[in-house]
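A.B. asks: one predicted model, sequence on top.
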Amino acid sequence: MLTAATTTGPEWPATTAATAVTVLSLLLAVVAGVLALLDKRLKPWLLVLVGLLEVALVVMTVQCFAAWVGGSAPLEPAVFLAYLIVCLAAGPATYWWGTGEPSRWGPGVVAVAALVVPVLVVRLQQVWTGRG
């Protein structure tokens, strides 16, 4: 008889925050993508979305570190920290880059980075739990 494989890794501690990060990141990608398609410069008000995304990422980070201190550690800590640093830096770095680019490529860079963040969040979950 076949049974479902059980995992021995810890549970992901930041499900709600990861969902918020994903939703905000995809919203940012759509808005920045539309600006790029309309050949518009990066708008200053878009910084609000980047800020909300960063707040959600910080909440997710705090939840992960609280779980880590509480004894539930990622299975690959170095890889986890690398993905986390890239997640935290993606929004501000690409917004800074995008504001310096006067063409459609400014918001295009932000849109691409915003599409990468949900992938990084999935990888964070996989590295933490050992699934995938």
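C.D. replies: Arrived safely. Bear in mind that the values here come from a model prediction, so they are computed numbers and not experimental data.
A.B. asks: when you work out contacts or count neighbours from here on, use the C-alpha atoms and nothing else.
C.D. replies: Fine.
A.B. asks: so which strand or helix has Lys40?
C.D. replies: Under DSSP states H and E, no helix or strand contains Lys40.
A.B. asks: could you verify my assumption that it touches Ser103?
C.D. replies: Yes. Counting by CA atoms under 8 Å, Lys40 does reach Ser103; the two are 6.8 Å apart.
A.B. asks: excluding sequence neighbours, find me the nearest residue to the spatially most central residue of the chain.
C.D. replies: A centroid search over the chain (CA atoms, centre = their mean) returns Val117, at 3.4 Å, as the residue closest to the centre. Excluding the flanking residues, the one nearest Val117 by CA to CA, 6 or more residues apart in numbering is Cys87, at 6.0 Å.
A.B. asks: could you do Met60 as well?
C.D. replies: Ala17 is the one closest to Met60 (CA to CA, 6+ apart), at 5.1 Å.
A.B. asks: do the same with Arg123
C.D. replies: Here the residue nearest Arg123, using CA to CA, 6+ apart, is Tyr83, at 7.6 Å.
A.B. asks: count the neighbours of that neighbour for me.
C.D. replies: Using other CA atoms under 10 Å, Tyr83 has 17 neighbouring residues.
A.B. asks: enumerate every residue touching it.
C.D. replies: Leu120, Arg123, Leu124 (CA atoms under 8 Å, 6 or more residues apart in numbering).
A.B. asks: quick one on the thing from earlier: torsion angles phi and psi at the residue nearest to Val117?
C.D. replies: phi -60, psi -50 (degrees, to the nearest 10).
A.B. asks: pretty sure it is in contact with Val119, am I right?
C.D. replies: No. With contact defined as CA under 8 Å, Cys87 does not count as touching Val119 (9.6 Å).
A.B. asks: the two: which is more packed in?
C.D. replies: Legend: neighbour count by other CA under 10 Å for Cys87 and Val119, higher for Cys87 (25 against 13).
A.B. asks: report pLDDT for the more buried one.
C.D. replies: For Cys87, the pLDDT comes out at 95.
A.B. asks: next: the one 5 residues further on.
C.D. replies: The confidence metric pLDDT takes the value 91 at Pro92.
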